[in-house]
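[1] I'll drop the sequence and a predicted model, then ask my questions.
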Amino acid sequence: MTYDQARAYCFVKNMWLANPKDYDEAAGLIKGITIGSNVWFDSWRKTEGECYAQELFGIDRGYGWRDGPKDCNNKFYAICQNGQIHDKTLCDVDPCAGHESCEIFVNGCPVSPVKNTQVAKVSAAINYKVSADVFCDHSMPKDGQWKQILHVSGGNDYGSAGDRTFAIYRTRWAPYKNLIIGVNDPNGINLAGASHHTQEKEFECTDGSWNNYSVEVRQVVDSPSNLHYSVRVDGVGIIDGTYDISDAKTTGELSAWVSDPWWPSGSSYSVRNFYFQRFEDTPLCATNPCAGLESCVSIVDGCAIAPSQNNLLATLSATVNYKFSADVLCDKSNDINASIAEKWSLIFRVTAGGNNQVVGDRTFGLWRMPLDNQYYFSVTDPYRTWYQYRFYPTTCTQGEWNTFSVEVRQIDASSRLQYIVSIDGVQQHVGTYDQSDTKTSGELYAYVGGPIVTNYHVRNFFYQTFPTETTTTTTITTTNI
């Protein structure tokens, strides 16, 4: 039988191709096989498209086996060995049983990855889950190449929204015992340190075992224009994150591959119970925080967004009298990622253009403190000796929304300004400074997110301006008599 026929022959017996060398030679020749015969087996040295066989030859002491690549269409023997964890009875298992809006890519009957094998196409969704069981078999060649096992893609290998909706590979570096899972995340970093619209995680799989891998993507309850994803291995979370719905592939088609056309296949691995499930969408909101307010600019409406890297949302004109306000949801769920938890994370900020070099750079801003359950709220105060701003640490309670605001007004039409800092409408601080000591003209830049992003969400972020009152001065005139 051919190599493919040999693998199938053993597969239906819940077994795999045996290596004749592993048999006890003292037991004599395997029945039916004579000197010069070949036996198919799965060599760890084979590369994509190669098939290996063991040839029985005679020697003075009896006989021996030598291996080498052969034409896959040759008719050789097949010896099956116990130990394959494939169960033919599982072929009738429906992984979508009990799940609504579910489509099967691969049922309970395991399949081996073959390069450029598309198993299904589905319509993209906003809320979804992709799940698959993978059998770990490290007998692939240790040749420094990625070995692709499965991939759900929006059309390409990587680079655009949806290209890495869900993908699993064997690593290309020693000891060749780890897998890599990649999912869609515009803020993510792959293992090479690049973004590529992908978040990746490397983990060890145990040779000879089945494991379940999944990603679930859902709209955030209080901010449906944002998506939160969770990646799990055997039900245990290993990655999670949040991004704006505009950075996801929510329309068009997704292709499911076992394995994809871009990389050598991980043919020694197996895939089963591979499916795609949709969930009901939450309507997007569009409330305007400037409703009923004059001279107001809505930076983020009532539909909350998650911070993303250096996300400039508005360029504003500075003035004398103004108010900034924003609602923020405290969400420390990304603390599973230590690289984020240990750093300052910018949630929103209004700046004159720099970090903290000149007055106006901290006009209005909120940070998450490193490894701390607190916010760091800052506003302009030119009389502070340190970078001309004042900050207010305040508690961040998981899952709660808070409103942060600062209002700056002239005092009795004078050149003196008073600023009022409030949290949830409760006044926290009042200060004063002179109009000439602050930024009252030129441009301000409003961001949601900075170099380090978080799962926090921002909504109802607005900038309101008020008329500048003419400064009154008194002139004293003296006359000589």
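    Okay, I see it.
[2] which non-adjacent residue is nearest residue 331?
    residue 455 (4.1 Å; C-beta to C-beta, 6 or more residues apart in numbering). From N, CA and C alone the C-beta is placed, and that goes for glycine too.
[3] Over to that neighbour. Which of the three states is it?
    At residue 455, secondary structure determined by DSSP: H, G, I helix; E, B strand; the rest coil is coil.
[4] isn't it right up against residue 229?
    No - contact criterion C-beta atoms under 8 Å: residue 455 and residue 229 do not qualify, at 10.6 Å.
[5] Could you tell me which residues touch both of the two?
    Residues within reach of residue 455 and of residue 229 at once, by C-beta atoms under 8 Å, 6 or more residues apart in numbering, are 240, 241, 242.
[6] got a markdown table for those, with neighbour count, secondary structure and distance to residue 132 too?
    Output for the shared contacts of residue 455 and residue 229, formatted as a markdown table (neighbours: other C-beta atoms under 10 Å; DSSP: H, G, I helix; E, B strand; the rest coil; distance: C-beta to C-beta, whole Å):
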| residue | neighbour count | secondary structure | distance to residue 132 |
| --- | --- | --- | --- |
| 240 | 21 | strand | 19 |
| 241 | 25 | strand | 20 |
| 242 | 24 | strand | 24 |
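[7] who are the neighbours in contact with residue 17?
    Here residue 17 is in contact with 6, 7, 10, 40, 41, 42, 78, 79, 80, 81 (C-beta under 8 Å, 6+ apart).
[8] Of the residues you listed, which is the nearest to residue 158?
    Closest to residue 158 out of the contacts of residue 17 is residue 42 (29.6 Å), distances taken as C-beta to C-beta.
[9] If we ignore the residues flanking it in sequence, what's nearest the closest one?
    Among residues not flanking residue 42 along the chain, residue 17 sits closest, at 5.2 Å (C-beta to C-beta, 6+ apart).
[10] Residue 330 too?
    Per C-beta to C-beta, 6+ apart, closest to residue 330 is residue 396, 4.1 Å.
[11] Okay, buried residues for stretch 171-184 please.
    Residues of stretch 171-184 classed as buried by neighbour count (16 or more other C-beta atoms under 10 Å): 171, 176, 179, 180, 181, 182, 183, 184.
[12] CA atoms only for it - export them in CSV, please.
    Provided in CSV are the C-alpha atoms of stretch 171-184 (Å, rounded to 0.1, in the frame of the first residue of the first chain):
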residue,chain,number,x,y,z
THR,A,171,8.1,26.6,17.1
ARG,A,172,11.1,26.7,14.8
TRP,A,173,13.7,26.7,17.5
ALA,A,174,15.1,24.0,19.9
PRO,A,175,14.0,22.0,21.7
TYR,A,176,11.1,21.9,19.3
LYS,A,177,8.6,20.9,22.0
ASN,A,178,6.6,24.1,22.2
LEU,A,179,3.6,25.4,20.3
ILE,A,180,2.7,29.0,19.5
ILE,A,181,-0.9,30.3,19.5
GLY,A,182,-1.7,33.5,17.7
VAL,A,183,-4.9,35.6,17.7
ASN,A,184,-6.1,38.9,16.4
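[13] remind me which residues of the stretch 151-300 of the chain are low pLDDT?
    Residue ranges of the stretch 151-300 of the chain with pLDDT under 70: 286.
[14] Hmm, residue 466 and residue 322 touching each other?
    Yes - if you go by C-beta under 8 Å, residue 322 and residue 466 touch, sitting 6.8 Å apart.
[15] So those two - more neighbours on which side?
    Legend: neighbour count by other C-beta atoms under 10 Å for residue 322 and residue 466, higher for residue 322 (23 against 16).
[16] which residues sit against whatever helix or strand the more buried one lives in?
    If you go by DSSP states H and E, residue 322 is part of strand 321-329. Strand 321-329 is contacted from outside by 222-223, 289, 299-300, 304, 347-348, 350, 363-364, 366, 375, 399-410, 456-469, using C-beta under 8 Å, 6+ apart.
[17] okay, it in PDB with CA atoms only?
    What follows is strand 321-329, C-alpha atoms only, in PDB (Å, rounded to 0.1, in the frame of the first residue of the first chain):
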ATOM      1  CA  ASN A 321     -12.100  79.100  30.100                       C
ATOM      2  CA  TYR A 322     -12.800  75.500  29.500                       C
ATOM      3  CA  LYS A 323     -13.900  72.100  30.900                       C
ATOM      4  CA  PHE A 324     -12.600  68.600  30.200                       C
ATOM      5  CA  SER A 325     -14.500  65.500  31.300                       C
ATOM      6  CA  ALA A 326     -14.300  61.800  30.700                       C
ATOM      7  CA  ASP A 327     -15.700  58.500  32.100                       C
ATOM      8  CA  VAL A 328     -13.300  55.600  32.800                       C
ATOM      9  CA  LEU A 329     -13.900  52.000  33.500                       C
END
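[18] This completes my enquiry, with thanks.
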